[in-house]
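Peer 1: okay, sequence plus prediction incoming.
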Amino acid sequence: MRAVQRTVEPAFTFRLRNAFRSFPSAMATQEPTDGPADYPFGHVRIVKENVFHENSLAYAFVNLKPLLPGHVLVAPKRAVERFTSLTDEEVGAMWTLAKSVGHKLEAHYQANALTLAIQDGADAGQTVSHVHIHIMPRKPGDFENNDDIYDAMDEQERDMAEALKAEKLNLDIERKARTPEVMMEEATTYRNLFDSNKNEPL
C-alpha cells in the first residue's frame, strides 16, 4: 500500500478540437503564455492555458492526474513518439526545461528531491505516442516503498491512454474533482514562479 492517497486534483485538460467551447469565461480570464494557441501531445492538443513554461523546442504543462503535488510533464513541441527520435537540440531543450521546472517546483512544495522519468516505448509503459518527461517533487514517505511510484506511473499512463483513445475526456467525471478554472489556476501558480516576461533560453 502507498503511504499517500492519490487525491491530487487533475490539472490539465486536452483540447480535442472544440473541447473548450463549454468554458469561454475561463479562457477569457486566463493569462496565457506567448506561445501558440495549443501544443501537440500525441494525436491531441494541450491548450495554452495549461502550459506554464516553455523554451523554443519544449514546453511544460500541468498533469491530468498528478501522482503527487507538483507532478508535471515536459514534452517537445514537435510530435515525436520516441526519445531516440529526438534531435540533439530537442533533447537539450527538454532537459534544460526539466531542470528549471524541477528546481522551481521542488522549492515551491518544500520538497527535498525529484523524480524525473521517461517511459520510452510501449514495453517501458509508454501509452501516449509523444515522448514526455515526468517531473515529481519528492518528500519522505510520499510512497511507502519508493519504487511504487513507477507502478503508479504505469497506471496513470494507462488512464491517460484511455482518455486519448476516446478522443475526449469524461468531463462529468473530471468536474467532480475540479472546475476548469481550478485547473487553470494551478498552471497560473506555476507560471508565476518564473519571470512572466521571459521563457527559458534554449
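Peer 2: Looks like it arrived, so ask away.

Peer 1: select the longest helix from the protein.
Peer 2: helix 88-108 (DSSP state H).

Peer 1: need the contact list for Trp95.
Peer 2: Ile133 (C-beta atoms under 8 Å, 6 or more residues apart in numbering). In this view, the C-beta of every residue, glycine as well, is placed from N, C-alpha and C.

Peer 1: could you redo the last one with a cut-off of 10 Å?
Peer 2: Residues in contact with Trp95 (C-beta atoms under 10 Å, 6 or more residues apart in numbering) are 58, 74, 102, 116, 133.

Peer 1: how about the fourth one, secondary structure?
Peer 2: The three-state label for Leu116, taken from DSSP: H, G, I helix; E, B strand; the rest coil, comes out as strand.

Peer 1: what about Glu155, which helix or strand?
Peer 2: Using DSSP states H and E, Glu155 sits in helix 148-165.

Peer 1: can you give me the buried ones in the longest helix of the chain?
Peer 2: 90-91, 93-94, 96-98, 100-102, 104-106 (16 or more other C-beta atoms under 10 Å).

Peer 1: same list (these) but as TSV, adding pLDDT and distance to Gln126.
Peer 2: TSV is the format used below for the buried residues of helix 88-108 (pLDDT from 0 to 100; distance: C-beta to C-beta, whole Å):
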residue	pLDDT	distance to Gln126
Glu90	98	17
Val91	98	17
Ala93	98	20
Met94	98	15
Thr96	98	22
Leu97	98	19
Ala98	98	17
Ser100	97	24
Val101	98	20
Gly102	97	20
Lys104	97	26
Leu105	97	23
Glu106	97	25
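
Peer 1: ok, back up a step: JSON lines for the contacts of Trp95, including distance to Pro66?
Peer 2: Putting the contacts of Trp95 into JSON lines (distance: C-beta to C-beta, whole Å) gives the following:
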{"residue": "Ala58", "distance to Pro66": "19"}
{"residue": "Val74", "distance to Pro66": "14"}
{"residue": "Gly102", "distance to Pro66": "14"}
{"residue": "Leu116", "distance to Pro66": "15"}
{"residue": "Ile133", "distance to Pro66": "14"}
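
Peer 1: can I get the buried part of the residues you listed as one ChimeraX selection?
Peer 2: The ChimeraX selection below is limited to those of the contacts of Trp95 classed as buried (16+ other C-beta under 10 Å):
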select :58,74,102,133
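
Peer 1: helices or strands next to the strand or helix carrying Met183 in the packing?
Peer 2: Per DSSP H and E, Met183 falls inside helix 180-191. Contacts defined by 3 or more C-beta pairs under 10 Å, 6 or more residues apart in numbering; DSSP states H and E place helix 180-191 against helix 24-29, strand 44-47, strand 51-54, strand 58-62, strand 72-76, helix 88-108, helix 171-177.
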